[in-house]
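A.B. asks: sequence? don't have it. structure:
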């Protein structure tokens, strides 16, 4: 049941886009078409699903105080937590590089559509935010960390796909000139964030 609670909260209540506004650059840039939004959303799910559990293992078995005592009792007092940021970023960059190679080989059209924003997942603040939230919330098991990563990715996926679907429909709407483009997109994002706030009433 705890895994379900973490999953639901990560998607709706603690959505990376609507609750924390993390990953807004690629969210706004790639949400012009549903096809490209789905591709990037799936890529974010993949990276979060892999990077959060890996960072959990790094944190609990390498970085925090006493994490290295599995090697020897002599290392029980060693604290490498000051390396957390650089280790998390290196882990995320490695996973994104692997993903980029896979997409380029098996989905070249999507690779071209995503352009620079695919390698920029490495510096997408929602990805690093997922790992930092995992550390802050001190999940008890790697399973909980993985479920949180998956839920965060699914939440980000739903946000960008929903916005892209609306933006495609808006092409046929008579929008005032000053609001066209990013103007109406910011308004839509704000309204969607308000809508997602209604999920805060869920009792978990």
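C.D. replies: Thanks, I have it. Please read these numbers as outputs of a predicted model, since none were measured by experiment.
A.B. asks: hey, which helix or strand in this protein has the poorest pLDDT?
C.D. replies: Evaluated with mean pLDDT, DSSP states H and E, the helix-and-strand set of the chain has its lowest mean pLDDT in helix 108-114, which scores a mean of 79.
A.B. asks: what's the spacing between the next helix or strand after that one and its chain's center?
C.D. replies: Counting by DSSP states H and E, the element after helix 108-114 in chain order, helix or strand, is helix 125-137. Centroid separation between helix 125-137 and its chain, computed with Cα atoms, centre = their mean, to the nearest Å, is 9 Å.
A.B. asks: Would you indicate which residues of helix 125-137 are buried?
C.D. replies: Going by neighbour count (16 or more other Cβ atoms under 10 Å), the buried part of helix 125-137 is 125-135. For every residue, glycine as well, the C-beta is placed using N, CA and C.
A.B. asks: low-confidence ranges in the chain?
C.D. replies: Within the chain, the stretches with pLDDT under 70 are 122-123, 203-204.
A.B. asks: rewinding a little: and the buried residues of helix 125-137 as a markdown table, adding distance to residue 110?
C.D. replies: Below are those laid out as a markdown table (distance: Cβ to Cβ, whole Å):
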| residue | distance to residue 110 |
| --- | --- |
| 125 | 23 |
| 126 | 20 |
| 127 | 19 |
| 128 | 24 |
| 129 | 24 |
| 130 | 23 |
| 131 | 25 |
| 132 | 29 |
| 133 | 28 |
| 134 | 28 |
| 135 | 32 |
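A.B. asks: now, among those residues, which is nearest to residue 15?
C.D. replies: Nearest to residue 15 out of the buried residues of helix 125-137 is residue 126 (Cβ to Cβ; 9.9 Å).
A.B. asks: hmm, back to that, which other helices and strands does the least confident helix or strand of the chain contact?
C.D. replies: helix 34-58, helix 84-106 (3 or more Cβ pairs under 8 Å, 6 or more residues apart in numbering; DSSP states H and E).
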